[in-house]
Every structure is written in structure tokens, then in C-alpha cells.
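Asker: have a look at this prediction, sequence included:
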Amino acid sequence: MASRKRGVNWRLGAVVALIALTALALIVRLVQLQIVDHERYAAEARNIHVARETVTGRRGALLDRNGYPLAASKETYDVMAEVKAWKDPAEANRAAAAIAAITDGDPGEMVAAAEGASIYEIAVARGLSYDEASRVRDLNLPGVRLLRSSARLYPEGNVAAQLIGFVGQDNVGLTGLEADLEGIIGGARGTVVFERDGLGNQIALGDRSELPPLPGSDVVLTIDRFIQRLAERELDRAVKEHQAKGGTIIVVQPETGEILAMASRPTFDLTTLDLSDESKLALYRNRAITDQYEPGSVFKLITTAAALDLGLVSPDTWWYDEGAFRSGVAEASRPSQQSASPSRCRPPVIAAHSATVSAAVSSDGKRRLKARRARASNTPRPNPISGNHIAARPRSPGCGASVRTGMAVRKPRARRRYFMNDPDCLAVW
């Protein structure tokens, strides 16, 4: 009798101990879920129950100097698919086929994108118009919703493509002025927070809060679309005629320094942009700004401008051009095949005929420049109208001059024939 009682007590104790251990395990698990890992599970619950969207405002337009748009924005819609709702292959294929019939997309790519996604939802179609978005909404597909977005338009086509640049799928500038002016034309993004049901759809009477986005500002450029198109057309013609690999044209307003046109070749098509093609990445840079080149005669303008700015010469200053100039180790002279006949020149002639010697003379010291001007006063000025001095026309150093600095010598270019409109400095060679 005593042994039977001991057996009952042992079994009862085992049951009580088992219940106690189970209760202890449940308490430990509850402590872990509600205290230790509370923040993590609360965040997961919020991600499922509450949705947060980033809303972009209207992106500012890029206008030419006359107010015509070179880049503008239009309102579009993106199709977002919940990844969990597309776990069933049959349902995913059916939904993707219905969306592709409206957007002309590839249903296989839509399903593959959803299968490989590690986030809650993914965009399976972008850039839908209002009519296309309405048709997708009428399908009432589970786990599919529409997100308002915008797309970039280029009313002038590919004009100034490298200068304007382009934006990415998130409507943020990637290259060109679209990237440089992002803080001005991009505006400020807004957010929308709302409750959604198990299928990802917004609950009609649920909580909703919205911070509206701020639209970007329009920017007026100094570019003139007519001059830009003309520059690109002439550049295309020159590249084709000379079978060149590329070229650049920059048109500047001399009085203000404003850029009226900036064209580079080769270029790309803004309307059919394909960022997946790595062979076209080099086309996106603006060669007129990023690439280096040998300036050459461009510095003659800088030298002459400095002389004018320092008061060494004025636009009406004449001096005696002997065809050669030496200052220290630097020497400027005409090529040997050109006549050494002296000539009278002034600053406008330097710009008009790329006069190497005269550019060097214009920056000479006041004492030496004064002596050259004295000799120039004794040199008769040719007059093409009366016909005097035609047999002994003065020769301008012009484009055929060479520059010798140390041991380096620039070879003269081919002889060219010029007819200068300035009667005070007529030159033919």
C-alpha cells in the first residue's frame, strides 16, 4: 500500500515539474519577444501594417535664354507589386500578364524581379500614363498598387544632350546640368504614411499622414536653342567632312561671357537612354568641359586682353611689326618662307588673323612698345581703295607664324590666303 502511494506521488510530481518547466519556458519566450526583441518585432509589425511612401514633387524645367523648355517633366505612375502576394507562381504569372498587356512589358521579367527581391514590394512597371494607370487600377489585382511619379521630357529632342544630362529612375539627376542643379530643380521630397491591410492595400478609414513635397524651381540657361542646334549641325558636318573622331564647339557672348551654345561629338540619344550598355558610358561626359586640349592660339586672346587691361595698349594703338620678337629665352617669328616685310598692326588684327608676333609685342614693356610705335609712325599705311602700295603690301604674321621656346619649335601651318577688311593693315599671303 505504501509503495503504491509512493508511485502515485512520483507521477504527480513529474507532471507538476513538467508543467512548471513548460510555464518557465513560456515565460522566458515571452520575455524575449516582449522585452528583449520588442523593438525588432514591433518594427516588422509596423512595416507590414503601416506603409511609408516617398513622394517626389514636380521637377523644375531647364529653359533656354528665350524661355523655351529644353527639359521638362510630366506626371506618370509606377506599378508596385507586393513580393509576398506574388509567391504563388500561377498568380504571379497571371497578374504579370495582365499588367504587361497594358504596359507592353515582359511578364517574365516582372515575375523574375519579384522573385529575386528581398524587400516588401518592387516596381514591375514604370512611366505609365494616366489612362494606362486607370486600366491597371481597374484590374483589382491582389498586392498591386499604383505609385505616383514623374518622367523627364525633352521637347527639343537631343539638342545639348551632354550639357543637359539625364535623371535616374528615382528622378535624381545623374549627369550634366540635371546633376549640377539638383538642389535647385529637384525640389524637396515628401512622405505619405498610411495603414494597409494584409494584401498591401490602403485601408480606407485607417490612419493617414502626409508631408507634401515641394516642387523644384525652373532654371533659365544662357543657351540659345537656335544657336545650339546650328552649332551641332555644323559640328556634325565638320566631323563627317574631316572624318574626325569627335569635336567640340563653344559659342560665347564676348561682352558678358555667357555660353550661347556648347556642342560635343560623339553624343547619345536622350529619348532612348540605355544605361545598361557600358560601351556608351563615355558618351555621357561633356567633352567641352571634362577633356583637355592644346589651347594654341587661344592664348593670343588672353595675352592681348591682359595688355588691354593693364593699359599697355588700346584698341587704336599701332606698332611696328618686324616679323620677329625675342624676350629672354622665348622667341616668336614668322616662318622663313613668308616675306619679312614690316607691317603696322593693332589689337583687333591679332584676334582677326591670329597674329603670333603682334600678340607677343602687345604684352611687351612700355619702353620697347613705345619704340616700336615710333617706328610704326614712319611706315606708310597701305590703302587698298586708292591702290597705293599694292606692290609692297605689308605682311601680317598671321596664322603661319611659329613660336620657339627653348628647344621646342611649333611647325608653321600650311600657307593660306586672307583678305583683311581693315584698310590699315591689308595682308595677303
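Answerer: Yep, it's here.
Asker: confidence score at Tyr418?
Answerer: Note for Tyr418: predicted pLDDT of 32.
Asker: please save the CA atoms from stretch 103-111 in PDB.
Answerer: Taking Å, rounded to 0.1, in the frame of the first residue of the first chain, the C-alpha atoms of stretch 103-111 are listed here in PDB:
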ATOM      1  CA  THR A 103       2.200  48.400 -70.400                       C
ATOM      2  CA  ASP A 104       3.800  46.400 -73.300                       C
ATOM      3  CA  GLY A 105       6.200  44.900 -70.800                       C
ATOM      4  CA  ASP A 106       7.700  41.500 -70.400                       C
ATOM      5  CA  PRO A 107       5.800  39.400 -67.900                       C
ATOM      6  CA  GLY A 108       8.700  37.100 -67.400                       C
ATOM      7  CA  GLU A 109      10.900  39.900 -66.300                       C
ATOM      8  CA  MET A 110       8.200  41.200 -63.900                       C
ATOM      9  CA  VAL A 111       8.000  37.800 -62.200                       C
END
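Asker: in the longest helix anywhere in the chain, what counts as buried?
Answerer: Longest helix in the chain by number of residues (criterion: DSSP state H): helix 2-31. Residues of helix 2-31 include none that count as buried (16 or more other CB atoms under 10 Å). (Glycine included, C-beta is placed from N, CA and C.)
Asker: which element follows that helix toward the C-terminus?
Answerer: helix 38-49 (DSSP states H and E).
Asker: between helix 2-31 and that next one, find me the angle.
Answerer: Counting by axes from the mean of the first three to the mean of the last three CA atoms, to 10 degrees, helix 38-49 lies at 60 degrees to helix 2-31.
Asker: partner strands of whatever helix or strand comes next after helix 38-49, with direction?
Answerer: Once helix 38-49 ends, the next helix or strand along the chain (criterion: DSSP H and E) is strand 50-55. Neighbouring strands of strand 50-55 in its sheet, by DSSP bridges, are strand 190-195 (antiparallel).
Asker: which outside residues touch the strand it pairs with?
Answerer: Under the contact criterion CB atoms under 8 Å, 6 or more residues apart in numbering, strand 190-195 has outside partners 49-57, 202-203, 206-214.
Asker: now do stretch 20-34
Answerer: By CB under 8 Å, 6+ apart, stretch 20-34 touches Tyr41.
Asker: let me know the pLDDT of Ile258.
Answerer: Wrong residue type there; residue 258 is Glu, not Ile. pLDDT, Glu258: 93.
Asker: which residue ranges form the strands in the stretch 251-400 of the chain?
Answerer: 259-265, 319-321, 324-327, 330-333, 343-345 (DSSP state E, counting those that start in this stretch).
Asker: what residues does the first one touch?
Answerer: What that stands for is strand 259-265. 65, 160, 162-163, 222-224, 227-228, 230-232, 235-236, 239, 246-253, 286-289.
Asker: then that strand to PDB, C-alphas only?
Answerer: Below are the C-alpha coordinates for strand 259-265, written out as PDB (Å, rounded to 0.1, in the frame of the first residue of the first chain):
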ATOM      1  CA  ILE A 259      27.600  80.500 -73.100                       C
ATOM      2  CA  LEU A 260      25.200  80.600 -76.100                       C
ATOM      3  CA  ALA A 261      26.000  77.000 -77.300                       C
ATOM      4  CA  MET A 262      28.100  74.100 -76.200                       C
ATOM      5  CA  ALA A 263      28.100  71.100 -78.600                       C
ATOM      6  CA  SER A 264      30.200  67.900 -78.400                       C
ATOM      7  CA  ARG A 265      30.500  64.900 -80.600                       C
END
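Asker: mind listing the strands it pairs with, and their directions?
Answerer: Counting by DSSP bridges, strand 259-265 is paired with strand 247-252 (antiparallel).
Asker: if you count neighbours, what's buried in the partner strand?
Answerer: Quick answer for strand 247-252 (16+ other CB under 10 Å): 247-249, 251.
Asker: now the buried members of the contacts of strand 259-265.
Answerer: Looks like the contacts of strand 259-265 have 65, 160, 162-163, 223-224, 227-228, 231-232, 235, 247-249, 251, 286-288 buried, using 16+ other CB under 10 Å.
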